[in-house]
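1. Got a predicted structure plus its sequence, pasted below:
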Amino acid sequence: GSSCDKCDFETNLCKAFNEFNLQPGWIRRNGQSGIGPPYSDHNGNESASFLSLSSKMQSFSATLRTNVFLPTDEEHACQIRFHYWVSQMSGILVGLQKHSEDTVTNIWQVSGELRNQWKAKTITINSTEKYEV
């Protein structure tokens, strides 16, 4: 069966993320917050919440980590689907960290192209051990 957790940032808590443990630099806002684009979420909703890097952080990076996921196999694949917005300065990197390793493996990244519009991405993840994204 599909056990999909939907996460829309409307509550302060997103199950996938560590008790919404945002690193400095992330802010939860909506399109009406007066900070600048995007002025709505990916559905065109101006009052819907999304996460954004604060303007002070434009030239830096900030991490958003998931909780620990269990190993995947033929029956239990993992797909993560998300919507993202790239401004002129930022790039996005998605990494996988297995529990036996200290290093983060890059599994997807985007930079520079198709700016200032919402895009969707689905990533399929395979890991024989517990992992975080």
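-> Cool, the structure landed.

2. How many residues are close by Tyr131?
-> Look at Tyr131: counted by other Cβ atoms under 10 Å, it has 22 neighbours. C-beta coordinates here come from the backbone N, C-alpha and C atoms, glycine included.

3. List the residues that contact it.
-> Applying Cβ atoms under 8 Å, 6 or more residues apart in numbering, we find Tyr131 in contact with 68-69, 71, 96-99, 125.

4. Tell me the spacing between it and Arg28.
-> 25 Å (Cβ to Cβ, to the nearest Å).

5. Run a quick neighbour tally on His83.
-> His83 has 12 neighbours, counted by other Cβ under 10 Å.

6. Kindly provide the distance from the residue lying closest to Phe50 once chain neighbours are set aside to Ser55.
-> Leaving aside its chain neighbours, Phe50 sits nearest to Asp41 (5.2 Å; criterion: Cβ to Cβ, 6 or more residues apart in numbering). Distance, Asp41 to Ser55, using Cβ to Cβ: 19 Å.
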